[in-house]
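[1] Got a predicted structure here, sequence first:
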Amino acid sequence: MKKEEKTNVMRLLEQHKINYNKFCYEETGMTNGVEIAEYMGEDVAKVFKTLVTVAPKTKTNYVFVIPVAEELDLKKAAKAVGEKSIEMIKQKDLLPLTGYIHGGCSPIGMKKTFHTTVQESARNFDTIFFSGGKVGYQVEVAPQDLEKMVRLEYGDVICG
């Protein structure tokens, strides 16, 4: 049996003595967040994805962590970070900017510190899931523990 890999996100959580659970679905090849939540047997509302944006005028990057089944409302997101507008970064820019590839982007362990906004619904759960920093890995962490790792704020940034 193959030994499960430990990602940088998991190492960082351990360095900060933060309890987490890991979930590996690498062998499935799944990348759709809703399918992953269902495969894990978890409420889709507590499984989050990490999105990276840029403000065209200021060229400032922002990170948003939202439930996998939801869509980022770019107007609400821009307002939340005090910008006139924001847009998603180009996929080719994700790895050089964050150190992560599409489908494996985590709010923990990015190359730089970015202004991070987490959808306020995360506070409704004792724990939430998000990428473990590699495609095929999720970590489960208490929102208040995520706050110890990432400078973040909560806001309503999804459509609807």
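    Perfect, I can see it now.
[2] Every contact and neighbour count from this point should use C-alpha atoms.
    Will do.
[3] How about the worst-scoring helix or strand of the chain on mean pLDDT, which residues are buried there?
    Lowest mean confidence among the helices and strands of the chain (mean pLDDT, DSSP states H and E): helix 33-40, at a mean of 91. Neighbour counts using 16 or more other CA atoms under 10 Å place 33, 34, 36, 37 of helix 33-40 among the buried residues.
[4] Let me know the closest of those residues to residue 59.
    Set against residue 59, the nearest of the buried residues of helix 33-40 by CA to CA is residue 33 (28.2 Å).
[5] separation between the closest residue to the closest one other than its chain neighbours and residue 48?
    Leaving aside its sequence neighbours, residue 33 sits nearest to residue 68 (CA to CA, 6 or more residues apart in numbering; 5.2 Å). Using CA to CA, to the nearest Å, residue 68 is found at 5 Å from residue 48.
[6] Please enumerate the helices of the chain.
    For the chain, applying DSSP state H gives helices covering 8-15, 33-40, 74-80, 91-98, 143-149.
[7] Can you redo the ones you listed as a markdown table, where the extra columns are distance to residue 127?
    Putting the helices of the chain into a markdown table (distance: least, CA to CA, whole Å) gives the following:
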| stretch | distance to residue 127 |
| --- | --- |
| helix 8-15 | 14 |
| helix 33-40 | 14 |
| helix 74-80 | 23 |
| helix 91-98 | 24 |
| helix 143-149 | 6 |
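[8] Out of these, the one nearest residue 61 is which?
    Closest approach to residue 61 among the helices of the chain is made by helix 91-98 (9.2 Å; CA to CA).
[9] Could you pull out the buried residues of that closest one?
    Of the residues in helix 91-98, those buried (16+ other CA under 10 Å) are 94, 98.
[10] now do stretch 72-86
    72, 74, 75, 76, 77, 78, 81, 83, 85, 86.
[11] Endpoints of that stretch, how far apart?
    11 Å.
[12] re the thing from before, can you pick out the most distant pair from the buried residues of stretch 72-86?
    By the measure CA to CA, 72 and 83 form the most distant pair in the buried residues of stretch 72-86, at 15.0 Å.
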